[in-house]
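*Asks:* okay, sequence plus prediction incoming.
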Amino acid sequence: MKLFRATVFLLSSSAWAPPTPHAFGFQPSSPRIHHATLPKTTQEPHCAVQLHAVTSEQTASTTTMPDMQAYANGYKTVFNEISCKLCTPVQGELPKDLVGTYYRCGPAMFSAGSLPPPKTSLVKPKQPPVPDGVDPTRMVLHPFEGDGAVLAVTFHGDTKPDTTDADTADQVVDTNGKATVRFKYVRTNAFTNERKKGKKLYTGMESTRSMDNGIGNDLTLPFFRHHLLPGLNKLRKNTSNTRTVYFGKKLLSLWSGGLPYKLDSLALSTDGRSQLGGAIKREDSALGGKAAIDAARNRILFYGIDEDSGSSQLNLYEFNAKFQPIKENDGVVQVKLPGLAMVHDFAVTENYGIFVQPLVKVNGMQYMLSKEPGKTVALEESSKLVHVVSRASSNNPGEIQSFQIPFDGFNEANLQLINAYEDRDGIIIFDAIRSDERTSSKGSSNNKWPWATSLENYKTMSTKKSLWRYQVHPRNGFISKDCIANEQIYFGVINSQKSGAMHRYIYAAIGATGEDVAPPQGIVKYDCKSNTQESWFPESYEFCGEPMYASGIGDTSEDAGYILSVLFNGKEEESEVVVLRADNISQGPIARIPLGMAVPHGNHGCFASGEEANWTYEEIERRAKLADKMESRGSMWNEVKSDFSGLGLRFDDMEEYFGDLM
């Protein structure tokens, strides 16, 4: 397999000064930033596109300030899981054409070891679970360090119960207009170890989380995702808390810096670490926390970075609809990237994978001694690189072109890519949420729970975020970028059927204070064709997470489906799933489904549409009971996680079972 080195196309630069800023965002006739190296400035970033005025019904902010104590309540450990539960809307009705399963992943255990192991476990904790904050030695120092859990909500549509079998007819549950809910922790190796010990065992990131690193410790997703020591070790804790992916009848939970975990799609039980059917050759390989769909070809792509201070290797994997590596180039390309490549997101087009690499300074001594990212890495105040990598299925697999993004005063680090596509002229266009750490309030580090109890406190933990469009001109060798909207937004998504192709609509979670920094609360929809937007905001004590587009049965247009989101009520400390019409966001929820529990603020999810993911309540319940029974009967032999023959005890396994004697 060939390795390709990057060729950097340098951009010409010209003097530039920002015009007078305008209210709102987006008008194509306004000037754009073109191939310019911008001067360092303390002024607000120029929003090159202007947004048409919106009606009061479509306002992008609300006059009500967020209830931050209510928001902070969303970072509390979940002590009780849900194996299988039927839930009924308390407001509105579920659409009959909404059929499939919604998955969402996020951190849910902030006090380590708070879920007791099965009674049959050979290793038992010496301390029982305690409420958050009671034992500071068990508390993580940043929400992102919390162990991951997955929420699953299956929408049954207007499915009628099958009563043809007289012997079981009275046992069939009527799910018409209802949803079946599950909530389970991902049983990672680290989770299992801490569960048995009843204490925090993994502290590799604590010095980094104790620093005032701005974007490095950003909420909700920090730039520093993992310890820099590669491989399987106790400094790099795989929490599997970042994203769920359902494809080819397989469910995975992802985390940037380790292998994904394979989950049972019905019961959410953990099958173990996945090497994607052998496509990833080494168990200690690191995958990114993102998978991208090529909707036109029904394919999925993953990436991994073998990080090193001198140069890094990018591995781009491509799978067909059956979750098998494509035949071309064995489904993988490998390319060299300059320096320590800390890349946490990507997007795909018809022919390329798109990666944005922030340039970093590496402290060589700290890299040798500790590899703690907070001590080792500092962002360069300079242009960043966009790598355009030809996919394994393209005419030139593994070919890479690299371009500099014009520097306009703040970095492209931690860029969250929403979608990318190629236009008829060969220009590559991608939309992304950009973080500006210059706007974060400076102060002491906020690593003590509870987090973000005031808006001022939240501003010390979160950066300003806005929506940008980038255009890569490969033939001319330059990049232009425009600010589409300057409101504080998070978790941008599109209709997944448009993934890798030209999209019109973007949905995102939005803060309640307009362009000021505030936590995700409402839902906003941007129309990239008509240059308009509409939004909806809940009560001041309610907070929505990532919006997820869910296709309805027979959808024919890009916004004919629904938007799903988990809403956290911080006053009552309860959560519900809200359903909005994708073509009428400002109308608000058409249905609200209480979950009977408080689901902490989460990260990314997915929606598996259609009958393939519309299991009956009985199927889910049966699988959940079986999974619970198997876990309760676990023994030392089947608790040992090993992918090779023989006893196969690694050092961390030895410490798990014999740590008190070592």
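*Replies:* All right, it came through fine.
*Asks:* quick one: residues contacting Gly310.
*Replies:* When contacts are counted by Cβ atoms under 8 Å, 6 or more residues apart in numbering, Gly310 touches Gly339. From N, CA and C alone the C-beta is placed, and that goes for glycine too.
*Asks:* please, where are all the helices along this protein?
*Replies:* Ranges of helices within the chain are 68-72, 189-197, 206-209, 364-369, 373-376, 455-459, 617-632, 636-639, 651-658, based on DSSP state H.
*Asks:* now for the longest one, which elements pack on it?
*Replies:* Helix 617-632 is packed against strand 82-87, strand 179-185, with contacts defined by 3 or more Cβ pairs under 8 Å, 6 or more residues apart in numbering; DSSP states H and E.
*Asks:* distance to Asn315, mean pLDDT and mean neighbour count for those - can I get that in CSV?
*Replies:* Output for the helices and strands packed on helix 617-632, formatted as CSV (distance: least, Cβ to Cβ, whole Å; pLDDT from 0 to 100; neighbours: other Cβ atoms under 10 Å):
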stretch, distance to Asn315, mean pLDDT, mean neighbour count
strand 82-87, 36, 97, 18
strand 179-185, 29, 98, 24
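*Asks:* possible to save those as JSON lines with distance to Pro66?
*Replies:* Shown next, in JSON lines, are those (distance: least, Cβ to Cβ, whole Å):
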{"stretch": "strand 82-87", "distance to Pro66": "26"}
{"stretch": "strand 179-185", "distance to Pro66": "25"}
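*Asks:* closest to Thr532 out of these?
*Replies:* Of all these, strand 179-185 sits nearest to Thr532, with 31.9 Å by Cβ to Cβ.
*Asks:* I'd like to know how far the closest residue in space to Leu219 that isn't next to it in sequence sits from Ile489.
*Replies:* Nearest non-adjacent residue to Leu219, counting by Cβ to Cβ, 6 or more residues apart in numbering: Ser462, 4.3 Å away. To Ile489, Ser462 is 12 Å away according to Cβ to Cβ, to the nearest Å.
*Asks:* equivalent analysis for Met365, please.
*Replies:* 39 Å.
*Asks:* so between these two, which is more surrounded?
*Replies:* Neighbour totals were compared for Met365 and Ile489, and Ile489 leads with 25 against 10 (other Cβ atoms under 10 Å).
*Asks:* put the alpha carbons of stretch 253-261 into PDB.
*Replies:* Below are the C-alpha coordinates for stretch 253-261, written out as PDB (Å, rounded to 0.1, in the frame of the first residue of the first chain):
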ATOM      1  CA  SER A 253     -20.200   4.000  19.600                       C
ATOM      2  CA  LEU A 254     -17.200   6.100  18.800                       C
ATOM      3  CA  TRP A 255     -14.500   8.100  20.700                       C
ATOM      4  CA  SER A 256     -11.600  10.000  19.200                       C
ATOM      5  CA  GLY A 257      -8.400   8.100  20.100                       C
ATOM      6  CA  GLY A 258      -9.400   4.500  20.300                       C
ATOM      7  CA  LEU A 259     -11.300   1.700  18.700                       C
ATOM      8  CA  PRO A 260     -15.100   1.900  18.500                       C
ATOM      9  CA  TYR A 261     -17.300  -0.400  20.600                       C
END
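*Asks:* average pLDDT across that stretch?
*Replies:* When pLDDT is averaged along stretch 253-261, the result is 97.
*Asks:* what's the answer for stretch 625-634, then?
*Replies:* Mean predicted confidence for stretch 625-634 is 90.
*Asks:* and the contacts of it?
*Replies:* For stretch 625-634, the external contacting residues (Cβ under 8 Å, 6+ apart) are 83-84, 118-121, 264, 267-269.
*Asks:* so which of the residues you listed is the closest to Gly374?
*Replies:* Distances from Gly374 to the contacts of stretch 625-634, taken by Cβ to Cβ, are shortest for Leu268, at 33.3 Å.
*Asks:* contacts only, for Arg504.
*Replies:* 498, 527-529, 558-559.
*Asks:* now tabulate those in JSON lines and tack on pLDDT, neighbour count and distance to Ser285.
*Replies:* As requested, the contacts of Arg504 are exported to JSON lines (pLDDT from 0 to 100; neighbours: other Cβ atoms under 10 Å; distance: Cβ to Cβ, whole Å):
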{"residue": "Lys498", "pLDDT": "97", "neighbour count": "18", "distance to Ser285": "31"}
{"residue": "Asp527", "pLDDT": "98", "neighbour count": "15", "distance to Ser285": "41"}
{"residue": "Cys528", "pLDDT": "96", "neighbour count": "20", "distance to Ser285": "37"}
{"residue": "Lys529", "pLDDT": "96", "neighbour count": "10", "distance to Ser285": "41"}
{"residue": "Glu558", "pLDDT": "97", "neighbour count": "18", "distance to Ser285": "36"}
{"residue": "Asp559", "pLDDT": "97", "neighbour count": "19", "distance to Ser285": "38"}
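*Asks:* determine which two of these are furthest apart.
*Replies:* Once Cβ to Cβ is applied, the contacts of Arg504 give Lys498 and Asp527 as the farthest pair, at 13.5 Å.
*Asks:* returning to what we had before: redo the helices of the chain as CSV? Include distance to Phe568.
*Replies:* Converted to CSV, those look like this (distance: least, Cβ to Cβ, whole Å):
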stretch, distance to Phe568
helix 68-72, 8
helix 189-197, 23
helix 206-209, 23
helix 364-369, 38
helix 373-376, 29
helix 455-459, 15
helix 617-632, 24
helix 636-639, 34
helix 651-658, 34
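*Asks:* wait, which of the helices and strands packed on helix 617-632 is closest to Glu621?
*Replies:* Here strand 82-87 is closest among these (Cβ to Cβ), at 4.5 Å.
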